[in-house]
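Engineer: Take this sequence and fold it.
(one chain, ligands or ions: 1)
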Amino acid sequence: MKTVALPGGERVPALGLGTWMMGERGTHEPEEVAALERGIELGMTLIDTAEMYGDGGAEELVGQAIKGNRNRVFIVSKVLPSNASRTGVAAACERSLKRLGTDRVDLYLLHWCGSVPLAETIAGFVALQRAGKIRHWGVSNLDLGEMEQIWASPDGKGCAVNQLLYNLGRRGIEWDLMPALAKRGIPVMAYSPLEQGRLLGKRPLTEIAAARGVTAAQVALAWLLQRPGVIAIPKAASLAHVAENHGALEVALTPAELAALDSVFPPPRRKAPLAML
Ligand SMILES: NC(=O)c1ccc[n+]([C@@H]2O[C@H](COP(=O)([O-])OP(=O)(O)OC[C@H]3O[C@@H](n4cnc5c(N)ncnc54)[C@H](OP(=O)(O)O)[C@@H]3O)[C@@H](O)[C@H]2O)c1
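Structural biologist: Here you go, the predicted structure:
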């Protein structure tokens with residue numbers, strides 16, 4: 001498995017597993033657990049979830065999928081902005097730990113910025129870290145101005161990751177946010193790496209895939225995996241999709257293929273507001 005270093009040096013898989021829209025009571029749960037278990041077997045041992053997903057159902061599903069494998073997996077979960085006060089994060093984390101059936105979250109993220117001052121949320125995260133309930137903390141959907149507030153806060157330098165919407169069709173963060181994160185050795189965790197499937201019928205993705213005998217999803221993921229400091233977390237609820245996504249690790253796009261992708265999905269030419277889903 002290709003890995004990416006967190007700022008402290010710990011390495012995590014560059015290709016993980018998303019869980020949004022999983023664990024939504026009564027829908028396909030055994031298949032979803034099986035898909036996560038297969039992903040873990042294949043080495044995609046970084047699992048992204050959140051208290052919001054399925055109203056806790058996704059965390060419960062992850063708890064089932066990691067049974068017997070806790071020490072092999074790196075669990076990422078997220079606190080809602082409405083729970084991001086100093087005491088709120090502590091209570092939310094306890095609820096997440098219970099649903100996940102574990103004693104620690106490996107990386108705990110603020111899902112997006114709300115009304116609680118960032119410094120207060122960070123203080124809550126640091127207290128959880130000291131108590132051994134979380135190993136690392138980070139953020140999601142924060143733009144450069146908000147990251148600068150983080151870095152200016154006491155303990156803000158401990159931020160391990162920013163989880164952001166990033167795929168071939170969503171390259172705005174390359175303008176200034178990605179370089180600022182890279183300067184500090186902070187990985188980008190790319191969410192919706194397949195644009196929830198909407199990228200997959202587009203040219204030249206389909207043409208590159210056909211010429212290589214691979215799939216458009218594998219080309220879209222390979223493009224992300226070739227970028228330094230990027231972790232991709234596709235969500236796949238079937239064994240076939242999990243195996244296919246894992247196959248992206250074998251695809252090394254050539255300079256000509258990368259140029260063809262750039263011509264249709266160009267890098268940004270100016271600063272734009274942060275895109276999110
Ligand atoms: N921080 C945030 O605000 C935020 C926002 C969005 C997402 N996320 C995280 O990022 C993860 C991934 O993003 P996402 O779920 O929005 O979208 P995504 O991973 O881009 O796309 C998921 C969709 O693509 C399909 N798919 C997966 N592999 C495929 C393949 N090989 N071929 C064809 N279709 C395939 C899935 O179908 P099946 O399920 O049927 O396999 C699902 O419909 C989420 O699950 C979540 O963990 C975070």
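Engineer: so is the closest residue in space to residue 156 that isn't next to it in sequence in a helix, a strand, or just coil?
Structural biologist: On the basis of Cβ to Cβ, 6 or more residues apart in numbering, the spatially nearest residue to residue 156 that is not a chain neighbour turns out to be residue 150, at 4.4 Å. The C-beta positions use only the backbone N, C-alpha and C, and glycine is treated the same way. Following DSSP: H, G, I helix; E, B strand; the rest coil, we place residue 150 in the helix state.
Engineer: Check the secondary structure at residue 208 for me.
Structural biologist: Reducing the assignment to helix, strand or coil with three-state DSSP, the entry for residue 208 is helix.
Engineer: Let me know the pLDDT of it.
Structural biologist: On the pLDDT scale, residue 208 is placed at 98.
Engineer: Identify all contacting residues around stretch 80-91.
Structural biologist: Stretch 80-91 is contacted from outside by 50-52, 79, 92, 108, 110-116, 120-121, 123-125, 127-128, using Cβ atoms under 8 Å, 6 or more residues apart in numbering.
Engineer: hmm, try it at 10 Å
Structural biologist: For stretch 80-91, the external contacting residues (Cβ atoms under 10 Å, 6 or more residues apart in numbering) are 50-52, 79, 92-93, 95-96, 108, 110-128, 131, 133-134, 137, 141.
Engineer: Out of those residues, list just those in helices.
Structural biologist: Counting by DSSP state H, those place 92-93, 95-96, 118-128 in helices.
Engineer: Tell me the one of the residues you listed nearest residue 211?
Structural biologist: Proximity to residue 211 was ranked across those by Cβ to Cβ; first place goes to residue 96, at 44.1 Å.
Engineer: So for that closest one, what's the nearest residue that isn't a sequence neighbour?
Structural biologist: If the residues on either side of it in the chain are set aside, residue 96 comes closest to residue 77, at 5.1 Å by Cβ to Cβ, 6+ apart.
Engineer: Tell me the bridge partners for that neighbour.
Structural biologist: Beta-bridge pairing for residue 77 (DSSP bridges): residue 108.
Engineer: Roughly how far does it sit from the ligand?
Structural biologist: Here the distance between residue 77 and the ligand works out to 10 Å (Cβ to the nearest ligand atom, to the nearest Å).
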